[in-house]
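Trainee: sequence below, structure please.
(one chain, ligands or ions: 1)
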Amino acid sequence: MTQTRRQFLTATAGLALLPALPRMGVAAPAAHLTVASRQLEVLGKAATVYGITGPDGKPGLMAREGDKFTGLVDNQSGEDLILHWHGQDLARNTDDRTRPNGGVQPTGTQEAYNFPLTPGTHWMHSHTLSEQQLLAAPMVTVEADAGDVPQAVIMLHDFSFRPPAEIAAGLMTAQGHHMAGMDMGGMDMGGTDMSGMAMGGMTHANDVDYDAYLANDRTLADPDVIAVQPGPVRLRIINGATATAFWITAGGLAAQVVAVDGNKVSPIARASIPLAQGQRVDLLVQIPPEGGAFPILAQVENAVMQTGVILATPGADIGKVPESAAIAAPFVDLTFDSSLSSESPLPARPTDAMLHIALGMEQGYRWTINGAAHGEAAPLQAALGSRVEIMFMNPTMMMHPMHLHGHHFQVVDLGLGRFNGPRRDVVMVPPGGMVTVAVDFDKAGEWYLHCHHLYHMASGMMTSVTVA
Ligand SMILES: [Cu+2]
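Mentor: Below you'll find the predicted structure:
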């Protein structure tokens with residue numbers, strides 16, 4: 001059966017999932033998460049994908065600020081599982097198998113968890129190629145001050161009928177057709193001076209040809225229609241795509257950005273919002289008194305393809321929205337981030353250390369950090385309790401959405417001078433770009449730092465920071 005028109009639209013009752021959780025060890029705890037295969041219909045064809053089903057039978061977990069995730073992950077997927085709690089700052093390093101030598105959760109086993117949930121729009125996903133097969137789900141903890149505004153979660157995916165290992169092999173052997181003819185030989189990947197590089201003409205995106213783009217598991221041919229009433233609705237949009245960045249538009253509705261990556265920003269009106277792999281945005285939209293149907297669209301950067309959901313008041317005429325836009329969207333960039341102002345900035349204090357991260361690409365679809373693919377270099381080091389600034393430099397021709405596990409850094413410089421930038425856990429570093437983030441390393445352990453383009457990560461663009 002295909003996914004039903006599952007609506008995360010919340011009655012308050014739907015959110016009250018976790019307060020009465022039994023302790024671990026009790027059979028079938030309320031926060032049981034089941035990872036399993038499921039059938040989805042895409043473009044009229046059956047597809048076998050994965051899913052993570054929560055205690056209410058819906059994807060993932062919805063909770064309230066103050067709740068803990070106390071429960072089991074039941075791996076019935078038929079495959080080894082490495083699950084990442086993306087954005088969960090209150091989880092310890094050992095609460096996550098996505099760490100060096102973290103091992104796998106074998107199929108047929110249950111694993112117990114117990115950690116406080118981090119407020120905001122976060123998610124969970126596989127840290128292996130199965131992320132491409134939709135092994136991902138929302139993990140949303142509604143903020144105490146969010147009020148009783150109705151909520152709607154929108155999870156975006158890029159979808160292929162091809163197995164991800166085949167996609168990866170194609171990229172690594174042929175470098176993908178988009179790469180053909182590009183001469184990388186003259187690039188100094190380790191250099192930090194990008195001033196002489198003219199990157200604009202070479203910039204590219206979308207190195208995987210997908211069959212479809214999904215919003216809540218559906219294409220625009222048969223979209224998820226979310227019932228709304230006139231008044232405010234809070235959209236929590238998660239880019240769960242593995243290799244695709246989108247532009248989000250709210251169909252002419254008045255829309256205010258109120259949070260990114262689960263962290264509050266000073267509310268700002270915005271007509272279109274770039275969303276890189278792994279990033280989230282919370283939009284407060286206003287459904288007008290006369291009601292109607294309002295597409296919330298995600299258009300692939302540098303392309304015409306789009307996906308989305310429809311917000312509709314009762315009885316509204318839901319027209320068809322084409323799966324291709326009239327004109328190609330631009331490349332995503334940092335203009336949006338440069339206009340954001342954090343409402344929870346890191347406290348002022350001196351920086352203890354700098355980490356320089358030069359992103360690189362070498363022949364054969366080999367993506368690197370400081371010239372090394374994952375596993376070739378020792379982890380980076382940071383002192384427990386220190387304030388560290390990480391400067392990312394990107395002399396390659398693709399954008400890299402850089403993700404740090406277990407922390408929300410603050411974007412402090414996009415190359416235009418210091419500013420009170422957003423708290424995030426994924427920051428896009430565009431071609432030719434230089435981005436600096438500040439992070440307080442307040443939890444011991446080894447934390448992955450990697451590109452959230454799945455195939456870049458899988459072919460080397462990952463390291464870790466040892467905090468001790
Ligand atoms: Cu990348």
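Trainee: checking residue 170 next. Helix, strand or coil?
Mentor: helix (DSSP: H, G, I helix; E, B strand; the rest coil).
Trainee: residues contacting whatever residue of the stretch 1-150 of the chain ends up closest to the ion?
Mentor: Taking CB to the ion, the ion has its nearest neighbour within the stretch 1-150 of the chain at residue 131, 14.1 Å off. C-beta: built from backbone N, CA, C; applies to glycine. Residue 131 sits next to 125, 164, 240, 242, 454 when contact means CB atoms under 8 Å, 6 or more residues apart in numbering.
Trainee: neighbours of the residue in the stretch 251-400 of the chain that the ion sits nearest to, how many?
Mentor: Using CB to the ion, the closest approach of the stretch 251-400 of the chain to the ion is made by residue 400 at 3.4 Å. Residues lying near residue 400 (other CB atoms under 10 Å) number 29.
Trainee: again with residue 36
Mentor: Residue 36 has 15 nearby residues by other CB under 10 Å.
Trainee: how about it, nearest residue that isn't a chain neighbour?
Mentor: Distance criterion CB to CB, 6 or more residues apart in numbering; nearest residue to residue 36, sequence neighbours excluded, is residue 76 at 4.3 Å.
Trainee: ok, now which ones touch that neighbour?
Mentor: Residues in contact with residue 76 (CB under 8 Å, 6+ apart) are 34-36, 107-108.
Trainee: one step back: tell me the two of the contacts of residue 131 that are most distant?
Mentor: Maximum pairwise distance among the contacts of residue 131 (CB to CB): 13.9 Å, between 164 and 240.
Trainee: tell me which of these two has more neighbours.
Mentor: Taking other CB under 10 Å, residue 164 and residue 240 do not tie; residue 240 has more neighbours (24 against 19).
Trainee: circling back to that earlier point, pull up the per-residue confidence for the closest residue to the residue of the stretch 251-400 of the chain closest to the ion other than its chain neighbours.
Mentor: Nearest residue to residue 400, sequence neighbours excluded (CB to CB, 6+ apart): residue 451, at 4.5 Å. Residue 451 carries a pLDDT value of 98.
Trainee: what separates residue 451 from residue 253, distance-wise?
Mentor: Using CB to CB, to the nearest Å, residue 451 is found at 33 Å from residue 253.
Trainee: neighbour-wise, which of the two wins?
Mentor: Each of residue 451 and residue 253 has its neighbours counted (other CB under 10 Å); residue 451 has more, 28 against 19.
Trainee: bridging residues for that one?
Mentor: residue 402 (DSSP bridges).
Trainee: so who does it touch?
Mentor: 359, 367, 400-403, 457, 461-462 are the contacts of residue 451 under CB under 8 Å, 6+ apart.
Trainee: do the same with residue 444
Mentor: Residue 444 touches 93, 384, 467-468, counting by CB under 8 Å, 6+ apart.
Trainee: which phi and psi does residue 132 have?
Mentor: Dihedral angles of residue 132 (phi, psi; degrees, to the nearest 10) stand at phi -60, psi -30.
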